[in-house]
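# Build me a structure from this.
(4 chains)
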Protein chains: 2
Amino acid sequence: MQHVTQRRKQVTQAEVARLAGVSQAMVSLVLNDSDGVRVAPETRKRVEEALRQTGYTVDIMGRRLRGKSNQILGVFTYEAVFPSGTADFYGPFLGGIEEESEAQGFDLLLFTSPGRRQGRRKVYEEGSNRLGIADGCILLGRHTDRDELDQLVDERFPFVFIGRRESSAGPVSYVGGDYAAATAALYERLWSLGHRRVALVGYREESESTADRRSGYLRACRRHRKTPLALTDDDPSAVFERLRADQVTAALVETTEMAVALHALAMSAGLRVPEDLSIGVLGDTDPTQTSSWPLRSTPEIDWTTFRIPRREMGARAVRILVGMLRGDMEPGRRTQVLLPCELVDGSTVTEAPRTPRR
Amino acid sequence: MQHVTQRRKQVTQAEVARLAGVSQAMVSLVLNDSDGVRVAPETRKRVEEALRQTGYTVDIMGRRLRGKSNQILGVFTYEAVFPSGTADFYGPFLGGIEEESEAQGFDLLLFTSPGRRQGRRKVYEEGSNRLGIADGCILLGRHTDRDELDQLVDERFPFVFIGRRESSAGPVSYVGGDYAAATAALYERLWSLGHRRVALVGYREESESTADRRSGYLRACRRHRKTPLALTDDDPSAVFERLRADQVTAALVETTEMAVALHALAMSAGLRVPEDLSIGVLGDTDPTQTSSWPLRSTPEIDWTTFRIPRREMGARAVRILVGMLRGDMEPGRRTQVLLPCELVDGSTVTEAPRTPRR
DNA sequence: ACCCCATGCTAATACGTATTATCTCTTGAC
DNA sequence: GTCAAGAGATAATACGTATTAGCATGGGGT
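Purely as a prediction, here's the structure:
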């Protein structure tokens, strides 16, 4: 038993060249089929034969170091991609990404190694940036690190975010859902059903998506000359009390968790949903996301909400990124896309009650 | 508008060195804290200051170019990883793979580009093997290509299969589920419930997993001195008729699809499941797999089956692969693991009927 | 005064690849 | 016979990093 690791002899171009009796450069030329440089058919034959014999595979590091692309798109997620639970947030995104990558002829590099800080991943860990292995990168995840984003923009590394992101360091390419428009549309739906007191219940934490939802809500309020009631309190029962006090007949709720909690509170207070209180969920949001709202055993509720086109977003992001890599765009420009979200009619919204609740 | 792609601005050690007034080597020394080489505290200070100012990050490629091993594990799947449907076959496997990779400090490279032939992916495309990009590779998928597998073994590329595989070219490392034992256990369960005519309904196509299930079934039959009845016909109603003709009281069925079809046929023939016919499913198999059996709108049935430890299999495969890469094993040896599958008691198995069905 | 050695740094090199400049033939035209 | 052209190959180089060999300096021991 030889204790030496039978290291897979990484075949280099130099070895292939030796076997074929040519120079390393010749091998590279044959491999890359460079225009303008002619290779004798006989030599090409010999080199190709040697390539087959040795089972040569290109070393991406060497290649990339030289500044060539290696047909790899990085995918960086701020949380684990495959959760242990059944709920699956990233799945549809990745589905779209995978599908489109395959169509475009790129492999996907999932960055998992950089380690985490407090459960969240970091792009830059101990000053090492692994992103560079890929030609470009797609970033996903709710918990974005501002400084990291800035640094990324600064480095001019080609990347596309899924979900709208802003950076003080410059414009960011992204593909997001048009939450503002969808929220406004949901408001309009409620309005047409007779609701005149519509509240917004959102995250306290400020992120782009939360801001978008609120801006859509505020826009709709302004349009109908109604005073907005935007609640962000983390305490469900306090929120619920506030809704009752203000005689709210419909609530636009940012996450399913919050909606579930409100639903439960309403039930136990003797209110029926939707007859007494209509509830609209602002997007089929991440079911796995941590929330301070207590999530009880959920009966399957057929929420009225809007569908976030996750799969399309993933695919679109890939197309944009590949476009950037091809140099289709002027360097400075960035592509920013908001895809429409389709309204989903569920059973948690109906006409406003005739007599306001006491 | 400059049409040249703006080259990525990467801070290099050389630039840091220039700023600090030292050599590139000095920067590297400071960064790596090499033992034996001493750096003057004052110089170290200056370099560290320059590092902070520039926001330097290590270029992983330059580094790995020296050491080889790029801390990347390849994942090759013979079908798309993220299906568009809700059913998710690969999810749990990948979950385990991801988790363990992260723990081991490896990134994952999903191979999607090699193109497909008739919907199935191919490892070797145009003779070039992209797998070599990774340090080692994990292979998954029902539709394995014999020749490809042989070639892989031949190349001595480090890889681990998920699911038992055999190759004529040599031993293969794998992590599988112990279908034989689990099938035998399910048989024993049925036996203890009084069933004396237990049939096997499996794939016609011969694969390792199918073979394992059958071998477990045959072993159990031998133990109880019963003549096996192993059906592989693709026509559900023919199979069902055969079961009736042979007065079978319990069927071990390889896939959920087949089970669903049998269930439906039994119902429409006036038989109750499980009172008249017990059905055990041999593993919670891939719900997305194509089957010739017609899959009707399925009521959610609480099958009696065994749980395939997918997540554990993924994680284990990674550990084995990383071990191979580290050289823990003697080169020639291969690791072959079968993980136990836990029995799941559902509502499709009960005591054998007193009077055999007519 | 001389040598030795430790200290603190730099120059040089290797890693694998792609590309450019350069070199060597062969051949055809004059 | 000479020259130009051009085909066909090679040498050289750059990419960013880690490491080793080596260079300068100075202090202490003999």
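
# Mind jotting down where the helices sit in chain A?
For chain A, the helices defined by DSSP state H cover A:13-20, A:24-32, A:41-54, A:60-65, A:91-104, A:146-155, A:179-192, A:208-223, A:236-245, A:256-268, A:310-326.

# Whichever residue of the stretch 151-300 of chain A sits closest to chain B and DNA strand C, how far apart?
Taking C-beta to the nearest C-beta, chain B has its nearest neighbour within the stretch 151-300 of chain A at A:Arg156, 5.1 Å off. Quick note: C-beta positions are derived from backbone N, CA and C, even for glycine. To DNA strand C, A:Arg156 is 20 Å away according to C-beta to the nearest atom of the strand, to the nearest Å.

# send the alpha carbons of stretch A:274-283 over as CSV?
Provided in CSV are the C-alpha atoms of stretch A:274-283 (Å, rounded to 0.1, in the frame of the first residue of the first chain):
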residue,chain,number,x,y,z
PRO,A,274,-63.1,37.9,5.3
GLU,A,275,-66.6,39.0,6.2
ASP,A,276,-65.5,41.3,9.0
LEU,A,277,-61.9,41.7,8.1
SER,A,278,-60.4,41.3,4.7
ILE,A,279,-56.7,40.4,4.6
GLY,A,280,-54.4,40.7,1.6
VAL,A,281,-50.9,39.3,1.7
LEU,A,282,-48.3,41.3,-0.2
GLY,A,283,-46.6,38.6,-2.1
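
# Please compute how far that stretch lies from its chain's middle.
Put simply, stretch A:274-283 sits 26 Å off its chain's centre (C-alpha atoms, centre = their mean, to the nearest Å).

# got it, and stretch A:322-329?
20 Å.

# ok, and does that stretch reach over to DNA strand C?
No: Stretch A:322-329 does not reach DNA strand C (C-beta under 7 Å from any atom of the strand); its nearest approach is 13.9 Å.

# list the buried ones in that stretch?
Neighbour counts over stretch A:322-329 (16 or more other C-beta atoms under 10 Å in any protein chain shown) mark A:322-325, A:329 as buried.

# Closest one of those residues to B:Leu271?
Relative to B:Leu271, the closest of those is A:Val322; by C-beta to C-beta it sits at 55.8 Å.

# Would you mind listing what in chain A touches DNA strand C?
So chain A meets DNA strand C at A:10, A:12-14, A:24-25, A:28-29, A:31-32, A:34, A:37, A:56, A:58-59, A:61-63, A:65-66, A:68 (C-beta under 7 Å from any atom of the strand).

# If we use 6 Å, what do you get?
Counting by C-beta under 6 Å from any atom of the strand, chain A comes close to DNA strand C at A:10, A:12-13, A:24-25, A:28-29, A:31-32, A:34, A:37, A:58-59, A:62-63, A:65-66, A:68.

# what number of residues lie near A:Ala352?
Around A:Ala352 there are 20 other residues, counting by other C-beta atoms under 10 Å in any protein chain shown.

# Could you do A:Asp235 as well?
Residues near A:Asp235, counting by other C-beta under 10 Å, number 12.

# Tell me the confidence at it?
In this model, A:Asp235 is scored at 87, pLDDT.

# thinking again about what came up before, between the buried residues of stretch A:322-329, which is nearest DNA strand D?
DNA strand D lies nearest to A:Leu325 out of the buried residues of stretch A:322-329, by C-beta to the nearest atom of the strand, at 18.0 Å.

# can you pull the contacts of the closest one?
Residues counted as contacts of A:Leu325 (C-beta atoms under 8 Å, 6 or more residues apart in numbering or on different chains) are A:69, A:135-136, A:158.

# switch the cut-off to 10 Å
By C-beta atoms under 10 Å, 6 or more residues apart in numbering or on different chains, A:Leu325 lies in contact with A:69, A:71, A:73, A:104, A:106, A:134-136, A:158, B:5.

# repeat for A:Ser69
Contacts for A:Ser69 (C-beta under 10 Å, 6+ apart) come out as A:60, A:63, A:106, A:134-136, A:325-326.

# pretty sure A:Arg310 is touching A:Glu342, no?
No: between A:Arg310 and A:Glu342 there is no contact under C-beta atoms under 10 Å: 11.9 Å.

# what residue ranges in the stretch 251-358 of chain A score low on pLDDT?
Along the stretch 251-358 of chain A, the model assigns pLDDT under 70 to residues A:285-299, A:328-332, A:355-358.

# So which of the helices of chain A is nearest B:Leu110?
Proximity to B:Leu110 (C-beta to C-beta) singles out helix A:91-104 among these, at 7.1 Å.

# which of the residues in that closest one are buried?
Those buried within helix A:91-104 under the rule 16+ other C-beta under 10 Å are A:91-102, A:104.

# Which members of those define the maximum pairwise distance?
The largest distance within the buried residues of helix A:91-104, taken as C-beta to C-beta, falls between A:Gly91 and A:Gln104 and amounts to 20.2 Å.

# Write the PyMOL selection for whichever of the contacts of A:Leu325 are buried.
The PyMOL selection below is limited to those of the contacts of A:Leu325 classed as buried (16+ other C-beta under 10 Å):
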select buried, (chain A and resi 71+73+104+106+134+135+136+158) or (chain B and resi 5)
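
# and which of the contacts of A:Leu325 is nearest to DNA strand D?
Checking the contacts of A:Leu325 against DNA strand D with C-beta to the nearest atom of the strand, the nearest one is A:Ser69 at 14.0 Å.

# Next one, pLDDT for that closest one please.
Listed pLDDT for A:Ser69 reads 75.

# Excluding chain neighbours, what is closest to the closest residue to chain B within the stretch 51-200 of chain A?
In the stretch 51-200 of chain A, no residue comes nearer to chain B than A:Thr57, which is 2.9 Å away by C-beta to the nearest C-beta. Leaving aside its sequence neighbours, A:Thr57 sits nearest to B:Gly132 (C-beta to C-beta, 6 or more residues apart in numbering or on different chains; 2.9 Å).

# For the one you found, give me its contacts.
Contacts for B:Gly132 (C-beta under 10 Å, 6+ apart) come out as A:8, A:10-11, A:55-60, B:74, B:155, B:157.

# do A:Gly346 as well
Counted by C-beta under 10 Å, 6+ apart, A:Gly346 has contacts A:274, A:279-281, A:301-305.
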